[in-house]
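Sequence and predicted structure, then a few things I'm wondering about:
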Amino acid sequence: MTPDRGFLRLPMRNRELSLIGLALLITTAGFAAVQLARAQEFASSPLIAAAFFAGAYLVAHLVVRFTLPDADPYVLPITAVLTAIGLIEIYRIDATLARDQGIWILIGLALFIGVIIAFRDIRRLETLRYTCGALAVVLLLATITLGAQVNGARLWIRIGGLQIQPGEFAKILLVIFLAGYLRERREVLAAPTRKLLGVGIPALRHSLPLLIIAGASLVLLVAMNDLGSSLLFYVIALAMLYIATGRLLFVALGGGLFALGAAAAVQITPHVQTRIDGWLHPWANEQAQCCYQITQSIYTIADGGVLGAGFGRGLILNSAGGTIIPFAQTDFIYSVIANEMGLVGAAAVILLYLLLAWRGFRIATTADDGFSKLLAAGLATAVAFQVFVIVGGVIRLLPLTGLTLPFVSYGGSSVTANFAIAGLLLCISQRANRERV
């Protein structure tokens with residue numbers, strides 16, 4: 001007799017709707033808790049914000065229900081919970097920032113819908129692989145030449161009153177290019193025909209694009225003073241190369257080359273050296289910005305304890321109304337979460353990201369063609385490693401990088417780009433599940 005699996009017996013789209021409903025309850029309760037803690041009275045504005053949030057996600061769910069009926073039922077609800085937590089904590093910091101973030105979430109969900117409609121047949125993207133690669137290079141070159149330097153790093157382009165971070169979109173284009181290129185050349189890369197010092201290597205014409213990516217990552221490190229993006233792009237390339245070929249040699253060589261390049265960059269790039277010094281010796285000069293951020297992040301996390309102070313009740317703001325940790329809504333949003341939700345809540349957020357990465361890799365394993373497998377694996381790697389780097393920075397496991405926490409941190413480029421990733425994963429899942437039926 002087959003055991004009753006309860007929730008898992010529901011149709012996939014009904015499971016998705018039930019979990020989105022849970023996320024909406026969290027959003028409403030969180031907004032209300034922050035409002036009560038701030039004003040000691042109930043107000044309707046948090047409920048209005050939660051209603052808009054609910055309406056946007058319900059529209060996205062309906063589009064998925066009718067467009068991708070066989071797609072994974074967990075990706076969209078996970079993003080709903082993460083965006084809800086981020087929006088609540090940003091509202092805790094500044095109501096105006098929360099309003100702006102809410103607008104970006106709506107734009108991100110609109111992009112999510114556009115992606116799943118445009119690329120319902122994910123194989124269309126494979127024909128655009130070289131176009132995507134070229135666009136990624138153009139975006140990064142534009143950032144280097146036209147970007148504004150903020151806090152020592154050149155990551156943003158100002159257009160009117162907006163700041164756009166092209167690197168967030170460039171990483172998606174890079175994954176699409178690598179998925180198409182490696183699917184096409186995986187056999188020759190996995191079975192090299194030449195030898196160097198007794199070790200088999202692929203012919204130069206096959207490995208040249210990958211060497212260009214490796215070189216471009218190091219150029220980013222120097223030209224943009226951006227340790228985070230260069231490391232992220234490099235890890236994505238190495239991970240996808242290993243998945244495509246199964247050769248650890250490429251990972252070892254790539255890691256060694258990046259370590260040498262990074263060591264050289266530290267000597268010629270003061271900003272990177274400052275970040276590393278602040279990471280190694282944060283209490284040596286607590287008044288320096290990079291040191292002050294790290295020390296305050298550690299104090300804030302420790303103050304949260306096991307269960308946290310509760311939404312709206314943590315020690316986040318100073319007497320002037322600003323955040324104790326500079327840029328708490330972007331680089332250090334995880335510290336705020338740990339303070340108000342405690343160790344339990346902070347661990348729960350990590351588990352949500354692990355679930356999202358697991359769903360991404362599960363989609364990759366069920367896909368029936370090489371391009372879809374590599375694309376899903378690359379997108380899951382991008383999200384997972386970005387979380388690892390930003391959380392590692394705020395708990396002093398790694399140097400600060402300036403990357404954002406996907407779906408949670410304040411910022412339009414990050415939110416919209418990550419919704420595009422979610423849409424692509426669902427498109428891949430739809431095709432994989434439909435082929436299995």
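Noted; the coordinates are in hand.

the helices in this structure, which residues?
With DSSP state H, the ranges of helices along the chain come out as 12-39, 45-67, 75-93, 95-118, 129-146, 166-190, 204-223, 227-245, 248-268, 270-280, 289-304, 333-366, 370-394, 412-436.

Please produce TSV containing those helices, extended by mean pLDDT.
Formatted as TSV, the helices of the chain follow (pLDDT from 0 to 100):
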stretch	mean pLDDT
helix 12-39	86
helix 45-67	88
helix 75-93	94
helix 95-118	93
helix 129-146	84
helix 166-190	85
helix 204-223	61
helix 227-245	84
helix 248-268	75
helix 270-280	77
helix 289-304	87
helix 333-366	95
helix 370-394	94
helix 412-436	91
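
Any chance of TSV for those helices, columns distance to residue 324 and mean neighbour count?
(C-beta placed from N, C-alpha, C; glycine too.) Output for these, formatted as TSV (distance: least, C-beta to C-beta, whole Å; neighbours: other C-beta atoms under 10 Å):
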stretch	distance to residue 324	mean neighbour count
helix 12-39	16	18
helix 45-67	23	17
helix 75-93	10	25
helix 95-118	16	18
helix 129-146	31	17
helix 166-190	27	22
helix 204-223	30	18
helix 227-245	23	23
helix 248-268	30	15
helix 270-280	17	18
helix 289-304	6	20
helix 333-366	9	20
helix 370-394	13	23
helix 412-436	23	23
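
so who does the closest residue to residue 406 other than its chain neighbours touch?
Among residues not flanking residue 406 along the chain, residue 418 sits closest, at 4.6 Å (C-beta to C-beta, 6 or more residues apart in numbering). Residues near residue 418 by C-beta atoms under 8 Å, 6 or more residues apart in numbering: 79, 108, 168, 383, 406-407.

Now the two most distant members of the residues you listed.
Spatially, the most separated pair among these is 79 and 168, at 15.3 Å (C-beta to C-beta).

I'd like to know which of the helices of the chain is closest to residue 401.
Nearest to residue 401, of the helices of the chain and by C-beta to C-beta, is helix 227-245 at 2.8 Å.

Quick one: list the elements packing against that closest one.
Other elements packing on helix 227-245 under the criterion 3 or more C-beta pairs under 8 Å, 6 or more residues apart in numbering; DSSP states H and E are helix 166-190, helix 204-223, helix 248-268, helix 370-394.

now it and helix 333-366, what's the angle there?
20 degrees (axes from the mean of the first three to the mean of the last three C-alpha atoms, to 10 degrees).

next one: helix 227-245 to chain centre, how far?
Here the centre of helix 227-245 is set off from its chain's centre by 14 Å, with C-alpha atoms, centre = their mean, to the nearest Å.

Spit out the contact partners of the nearest residue to residue 255 once chain neighbours are set aside.
Nearest non-adjacent residue to residue 255, counting by C-beta to C-beta, 6+ apart: residue 238, 7.0 Å away. Taking C-beta under 8 Å, 6+ apart, we find residue 238 in contact with 250-251, 254-255.

Okay then, goodbye and thanks.
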